[in-house]
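# Return a 3D structure for these sequence lines:
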Amino acid sequence: MRALPVLAPSIDEAFREGQFTVHQCSGQYNVVRTDMALEKTYNRDAKMKLFAAITQKPATIDKYLRAHPILTAISEETKAMANLNTASARHHEDSTHYASMNAERVQQLKNVVERQMVNPFVCEAQDLLNISTGEKAPNTELIQAREIGREALKSAEGKGSEKIAAVKLTTFAMKMTKKAAPAAKAKKVYEAESQVLRSLYFTQNMTDAEKIEVFSHEWTNYPSSLFEPDHSLDQGFSMRKGNKADYLTAIRASVGNVWTETAALPSTAESAVLIVDAMAFIQRNQHMGSTTFSELQQKYLKQLTSSRPPNCNLIHFVGDRYDVPPSESLKYKERARREKSGKEKSKEYQPYDVLPVPEWKNFMQNPNNKANLLNFLGESWAHQNFSSSCTLILGGVFKDPGRTLFVSHGSEARDLPELSRRRHEEADTRMFAHMTYSQLTAAWT
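Okay, here's the model as predicted:
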């Protein structure tokens, strides 16, 4: 076909003028495309058992293709002698039943996309998304596949190579991190044991009192309760990171029976305002058994509004920021450490109503997923029909770091420029701004 302009210029010219249809019988308005005609003639006979199992050798295929028209003619004449001529029969793809079946299949596909996936025709996201799971592509290599392929082709041509080097594009599939080699693990165990043995050797000549004194301290180069091994640093260790849960446990143990945890906030005679740390709320409630993100945001909202104390008609839902540059972030190193310590690099997802909630632990391991989830909750609740007794202020949860919304019953959500806090990374500090705002507005009213 590529040589058609040279071998058969008249046919090539006719094709370019649109003459690529044929009549199979007399009459008007009954032309079909050549590929449809071939399906009902040559190709139809070629799929019969008479011509099955043709070898893949080029020489044999060449002979078969040259003899194909003659064999087809013999086949048609044989069927005509037996009154089995079906030349005028319609192709299965040209039948009304087939068209109806195709319409049903198209509608089924449409329903699946609209009800169970991210509709790519109305999605405003600029990132490359998996419409079935909401997972984001880790980079832009898939979008740049054409340019990358051309570079590989150009490189092969420049080197005079007969083969093009395989191009491995990073797709949605994430690779597992490499596990530490057994030799490296054994080395760490040996170093720890040898250090203890050396210490024991020097204590053999001590008195009992001296041994009691020595054994009352940690036998390491640094207190294990405060530091942990880190071979990437010159000193070989780094300070352990704090854990709020451990701190809370220690407080409970120290106060003993004085500690009382209630299921609901205490009631007050005066009007109360509830200020909630968004990520602490999410981490505490987790997925709540939800199967889709739509179900999840509805359960979150119900849990949030039902947990407010009596005389409370205003809730502040305040989030952390995950878009602060690494050079300015207070928690960048800690977040990077947590993500690196995971067994598998967590994937990034874009939440949508109909998409299923991924495995929760891996989902929350990626800071980008936390930011995407907060933005999804904010956008969803901004269009919710709240009860007349509850008002919601959303801050620090949207993609716009300074955007704060006031959502109330019977009116559209409106911006609160008074609470635009772009430079607050932590919800802790932002919550003080919301607290001050509530006190001032209460005084004004």
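# Now residue 441: which helix or strand?
Taking DSSP states H and E as the criterion, residue 441 maps to helix 427-444.
# Dump that helix to CSV, keeping only the CA atoms.
The C-alpha coordinates for helix 427-444 follow below in CSV (Å, rounded to 0.1, in the frame of the first residue of the first chain):
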residue,chain,number,x,y,z
ALA,A,427,-3.4,23.6,62.1
ASP,A,428,-2.4,24.4,65.7
THR,A,429,-1.5,28.0,64.9
ARG,A,430,-4.4,28.4,62.5
MET,A,431,-6.8,27.3,65.1
PHE,A,432,-5.8,30.2,67.3
ALA,A,433,-6.7,32.6,64.5
HIS,A,434,-10.1,30.9,64.3
MET,A,435,-10.5,31.1,68.0
THR,A,436,-9.8,34.8,68.0
TYR,A,437,-12.2,35.3,65.1
SER,A,438,-15.0,33.6,67.1
GLN,A,439,-14.4,35.7,70.2
LEU,A,440,-14.4,38.9,68.2
THR,A,441,-17.6,38.1,66.2
ALA,A,442,-19.3,37.0,69.4
ALA,A,443,-18.4,40.4,71.0
TRP,A,444,-19.7,42.3,67.9
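# Going forward, the N-terminal residue is numbered 842.
I'll keep to 842 as the first residue from here, and by that count the last item is helix 1268-1285.
# Could you list every helix and strand in contact with that helix?
Applying 3 or more Cβ pairs under 8 Å, 6 or more residues apart in numbering; DSSP states H and E, we find helix 1268-1285 packed against strand 1113-1118, helix 1119-1126, strand 1153-1159, strand 1232-1236. For every residue, glycine as well, the C-beta is placed using N, CA and C.
# Could you give the average pLDDT over that helix?
Averaged across helix 1268-1285, pLDDT comes to 84.
# Then stretch 1143-1155?
On average, the pLDDT along stretch 1143-1155 is 87.
# Any buried residues in it, and which?
By neighbour count on 16 or more other Cβ atoms under 10 Å, the buried set for stretch 1143-1155 is 1145, 1146, 1148, 1149, 1153, 1155.
# I figured the last one hits residue 1234, correct?
Yes: at 7.0 Å, residue 1155 and residue 1234 qualify as touching, with contact defined as Cβ atoms under 8 Å.
# can you list the residues that contact the helix or strand harbouring residue 1139?
If you go by DSSP H and E, residue 1139 is part of helix 1134-1147. By Cβ atoms under 8 Å, 6 or more residues apart in numbering, the residues outside helix 1134-1147 that reach it are 975, 1117, 1122-1123, 1126, 1128-1129, 1131, 1156, 1158, 1192-1196, 1198, 1217-1218, 1221-1222, 1225, 1227-1228, 1231.
# Let me have the helices and strands packed on helix 1268-1285 in TSV, extended by distance to residue 1078.
Formatted as TSV, these follow (distance: least, Cβ to Cβ, whole Å):
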stretch	distance to residue 1078
strand 1113-1118	32
helix 1119-1126	29
strand 1153-1159	36
strand 1232-1236	39
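# What separation do you get for the most centrally placed residue in the chain and residue 922?
Nearest to the geometric centre of the chain sits residue 976, at 1.9 Å (Cα atoms, centre = their mean). From residue 976 across to residue 922, the span is 61 Å (Cβ to Cβ, to the nearest Å).
# Residue 1269 too?
Distance of residue 1269 to residue 922, computed by Cβ to Cβ: 92 Å.
# Show the contacting residues for the residue lying closest to residue 1276 once chain neighbours are set aside.
What sits nearest to residue 1276 in space, not counting adjacent residues and going by Cβ to Cβ, 6 or more residues apart in numbering, is residue 1116, at 6.0 Å. If a contact means Cβ under 8 Å, 6+ apart, then residue 1116 has 1156, 1157, 1159, 1272, 1275, 1276, 1279 as its contacts.
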